[in-house]
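**Student:** Sequence and computational prediction follow.
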Amino acid sequence: MTVTARRRIDAFDQWCLRHILRIPYTAHVSNPTVCKRTNLSRVTSTILDRRLELFGYIRRADPSHDHARALQASINRLPDDWRL
């Protein structure tokens, strides 16, 4: 995920949280304060955690499964029995 995408996603998330909490634009409430009110962390950190969990799941999978083979193909070269 690029830095620009991360910033845009976090900005949209903060906008949504402010809308849900009915915080007007004229109120000077910082982003960390909004996060404390909702007891939520940044949405991009949640995305990163879940991507890492998915990677770990695929990495630990049985090598005969297609998703494990696709990961190995992206790391190494294509296997001999790979069908295109």
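**Tutor:** Arrived safely.
**Student:** Any figure for the gap between residue 80 and residue 73?
**Tutor:** When distances are taken as CB to CB, to the nearest Å, residue 80 and residue 73 turn out to be 11 Å apart. Using the backbone N, CA and C atoms, a C-beta is placed for each residue, glycine as well.
**Student:** Looking at those two, which one has more neighbours?
**Tutor:** Using other CB atoms under 10 Å as the criterion, residue 80 and residue 73 rank with residue 73 on top: 12 against 5.
**Student:** Now that one: which helix or strand?
**Tutor:** For residue 73, the element it lies in under DSSP states H and E is helix 66-75.
**Student:** so for that helix, what's the average pLDDT?
**Tutor:** When pLDDT is averaged along helix 66-75, the result is 79.
**Student:** what's the helix or strand bottoming out on mean pLDDT in the chain packed up against?
**Tutor:** The helix or strand with the lowest mean pLDDT-type score in the chain, counting by mean pLDDT, DSSP states H and E, is helix 66-75 (a mean of 79). Using 3 or more CB pairs under 8 Å, 6 or more residues apart in numbering; DSSP states H and E, the elements in contact with helix 66-75 are helix 43-60.
**Student:** and the helix it packs on with helix 66-75, angle?
**Tutor:** Compare the direction of helix 43-60 with that of helix 66-75 by axes from the mean of the first three to the mean of the last three CA atoms, to 10 degrees and you get 100 degrees.
**Student:** Return the set of buried residues in helix 43-60.
**Tutor:** Of the residues in helix 43-60, those scored as buried under the neighbour-count criterion (16 or more other CB atoms under 10 Å) are 43, 44.
**Student:** got a list of contacts for it?
**Tutor:** Here helix 43-60 makes contact (CB atoms under 8 Å, 6 or more residues apart in numbering) with 1, 6, 9, 10, 13, 67, 68, 71.
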